[in-house]
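# Turn this into a model:
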Amino acid sequence: MSKNQQIEANLLAACKQGDRKAQRYLYDQYKVYLYGVCLRYAKTKVEAEDILQEGFFKIFRDLHQYKGQGAIQAWMRKVMVNTALMNIRKYRKVKFSDIEEVRLNHEQLVDISFSQKDRADAVISMIQALPDPYQTVFNLKAIEGYSFKEISEQLGIKEVSLRTHYMKARQKLQAVLKNELEGGKP
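Numbering: from 1, shown residues only. So this is what the prediction gives:
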């Protein structure tokens, strides 16, 4: 075991025992990264902050379930994604059903100027502007790397519907990015 792995193991052991300083240190180490994960699923920064706080509560509550297999960051990311999905189901009442037509409003997606913000923030804002369920399916597939089968099992909808939602979200984001990068108007 390397020195860094030993330090992380000691930190996690202290967190499991309820050591507040250790928990604060773990929180400070991963809050920015995990906030980025939350932001992609949220519609607003406030919603992302709520998901982050609830997710960290679950991380500390369920840390005993982490068996040390794989990186702690990956385990924490999975907890955050699941927390975000629960938040979407609970508060946004998104219905993940068979293909339903949701209008992808181009104007909402391009209400961001690349000259005013850096590109990463602009892309996150565009993803946030996607209507549900496109935003969620896009995040799970394109960003998190889940297979359509895994997403289907997690959300309880048919793979063919997921593929359609994903394709439409991707096409819309590509069109918006192409127009913005070329300096054109929609």
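# Please parse the chain into its domains.
Here the domain parsing of the chain from automatic domain parsing is 1-93, 97-186.
# can you redo these as TSV with mean neighbour count and mean pLDDT?
The C-beta positions use only the backbone N, C-alpha and C, and glycine is treated the same way. Shown next, in TSV, are those (neighbours: other Cβ atoms under 10 Å; pLDDT from 0 to 100):
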stretch	mean neighbour count	mean pLDDT
domain 1-93	15	92
domain 97-186	16	76
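# Can you tell me the centre-most residue of this structure?
Centroid-nearest residue in the chain, with Cα atoms, centre = their mean: Val37, separated by 3.8 Å.
# residues touching that residue, list them.
Neighbouring residues of Val37 by Cβ atoms under 8 Å, 6 or more residues apart in numbering: 77, 80-81, 84.
# and the two most separated of the residues you listed?
The two members of the contacts of Val37 with the most space between them (Cβ to Cβ) are Arg77 and Ala84, at 10.5 Å.
# ok, Tyr30 touching Trp75?
No. Here Tyr30 does not reach Trp75: they are 10.7 Å apart, not a contact under Cβ atoms under 8 Å.
# related to what we said a few turns ago, for the residue nearest to the centre of the chain, identify the helix or strand it belongs to.
helix 20-41 (DSSP states H and E).
# Sketch out the helices for the chain, chain order is fine.
With DSSP state H as the criterion, the chain has helices at 3-16, 20-41, 45-62, 72-87, 106-109, 119-129, 134-138, 148-155, 159-181.
# Compute the distance between the residue lying closest to Arg77 once chain neighbours are set aside and Ile7, please.
In this structure, Arg77 finds its nearest non-sequential neighbour in Val37, 5.8 Å apart by Cβ to Cβ, 6 or more residues apart in numbering. Using Cβ to Cβ, to the nearest Å, Val37 is found at 24 Å from Ile7.
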